[in-house]
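[1] Fold the following and give me the result.
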Amino acid sequence: MNEQTIRETLCLLADTFSGQELLKIEAAMRTVSMNPGAGINGEGETALIADPGHDAKAYRMFFVSKKIEGLSAASLKYYAVILRQFSVFIRKPLPAIAADDIRFYLASKSVSPTTLNNERRVLSSFFGWLCNEEYIPKNPMLKIKSIKEQKKIKEPLSASDIEELRDTCKTLRDKAIVEILLSTGMRVSELCKSNKADVDLSKGEILVTGKGNKQRICYINAAAKKRLTDYLKSRNDNHEALFLSWNNNRRLQNGGVELLIRGMGNSAGIKKTHPHRLRRTAATIALKRGMPIEQVQIMLGHEKIDTTMRYAITADEAVRHAHSKYM
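    Numbers count the residues shown, from 1 in each chain. Sure, this is the predicted structure:
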């Protein structure tokens, strides 16, 4: 599988999958291109590492530790793909790997700065863990600086976009999903993992399980409460899931929500409509209405406030655009 084939495939999938999903697909395709059949022998994440040799225990225990920390199966697989690419390129025992080896590896990649930074973070996590656990004498990643990325302002949905999106909703379920995402700003994975038992409609609360299995309370507004109540009343099943797929006997999956929201955006003529954009919109609306950024951080389930600050920049740009348009 050559570089052009990988790029053309990613372009074809761009309208169906999120950016993070495309990164994982790209990493998987690159792994398969280097070693067809990799990762399908059922030996777990370490099976993806090229000839781990005497470092096998270190690789294995790294993944065990990350799993205990709460990393999802998809994230573990992504880590494994990146570490396999790295081990194929370097071909050195872990203690012998120096900062220059890592620099040569990163410089060899023909990927975007964002993708490269993601790979750097994986390597930083890996070598930091190796050093802390005394598998290596020192951490070579301490000398590797963050890669400069072009900062792009990602626009939230406008008020008219939101109304257009609402108009495309065909079922009670779809209406409830859109209002819940706009009201809470929750991740699509959190929405899909939610159960009916997690909802307290009298208080307008949903107990959400986020990254690392950390739980938080998300609050729903009047519109979301009304749509969710109508949807739950229409259900005649005993399934625990808050939202079900079309055949009403399976929990709604992340991909189903992605396709649903993208389909709504296409029908409404709104470009780049996906669940994360609704999350960004919810955060931007909260900030524009005066919610303190610390509370927005809690609402979104961000571990670091720096992540939330990205939405604050988006909110400032929205004000700037409105000022230039009307003043």
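[2] contacts, neighbours, all on C-alpha from now
    OK.
[3] Any stretches of the chain with poor pLDDT?
    Residues of the chain that meet the criterion pLDDT under 70 lie in 1-4, 7-8, 10-24, 26-54, 150-153, 248, 312-327.
[4] In a helix, Lys148, correct?
    No: for Lys148, which was evaluated using DSSP: H, G, I helix; E, B strand; the rest coil, the result is coil, with no helix membership.
[5] Next one: it from Ala99, what distance?
    Spatial separation of Lys148 from Ala99 under the definition C-alpha to C-alpha, to the nearest Å is 18 Å.
[6] Tell me who's in contact with the closest residue to Ala241 other than its chain neighbours.
    Sequence neighbours aside, Asn195 is the residue nearest to Ala241 in space, at 4.3 Å (criterion: C-alpha to C-alpha, 6 or more residues apart in numbering). Taking C-alpha atoms under 8 Å, 6 or more residues apart in numbering as the definition of contact, the neighbours of Asn195 are Glu240, Ala241, Leu242, Phe243.
[7] ok, Lys233 - how many residues close by?
    Taking other C-alpha atoms under 10 Å as the criterion, the count of residues near Lys233 is 9.
[8] how about it, secondary structure?
    Looking at Lys233 with three-state DSSP, the answer is helix.
[9] Now Leu106: which helix or strand?
    Assigned by DSSP states H and E, Leu106 belongs to helix 99-107.
[10] Packing partners of that helix?
    With contacts defined as 3 or more C-alpha pairs under 8 Å, 6 or more residues apart in numbering; DSSP states H and E, helix 99-107 has these neighbours: helix 73-90.
[11] Show me how far the helix it packs on is from its chain's centre.
    Taking C-alpha atoms, centre = their mean, to the nearest Å, one finds the center of helix 73-90 at 17 Å from the center of the full chain.
[12] Now do the strands for the chain: every range, in order, please.
    Secondary structure of the chain (DSSP state E): strands at 199-200, 205-209, 215-219.
[13] okay if I get the contacts of Asn195 as TSV plus neighbour count and distance to Lys214?
    Rendered in TSV, the data for those read as follows (neighbours: other C-alpha atoms under 10 Å; distance: C-alpha to C-alpha, whole Å):
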residue	neighbour count	distance to Lys214
Glu240	14	20
Ala241	19	19
Leu242	20	19
Phe243	26	21
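[14] Quick check: the gap between the residue nearest to Ala241 and Thr114.
    The spacing between Asn195 and Thr114, counted by C-alpha to C-alpha, is 34 Å.
[15] can you check Leu228 too?
    As it turns out, when the distance is counted by C-alpha to C-alpha, Leu228 lies 37 Å from Thr114.
[16] neighbour-wise, which of these two wins?
    For Leu228 and Thr114, the more surrounded residue by other C-alpha under 10 Å is Leu228, and the numbers stand at 25 against 15.
[17] In contact with that one, which residues?
    Leu172, Arg173, Ala176, Ile177, Ile180 are the contacts of Leu228 under C-alpha under 8 Å, 6+ apart.
[18] Okay, the residue nearest to Ala241 and Leu244: tell me how far apart.
    To Leu244, Asn195 is 10 Å away according to C-alpha to C-alpha.
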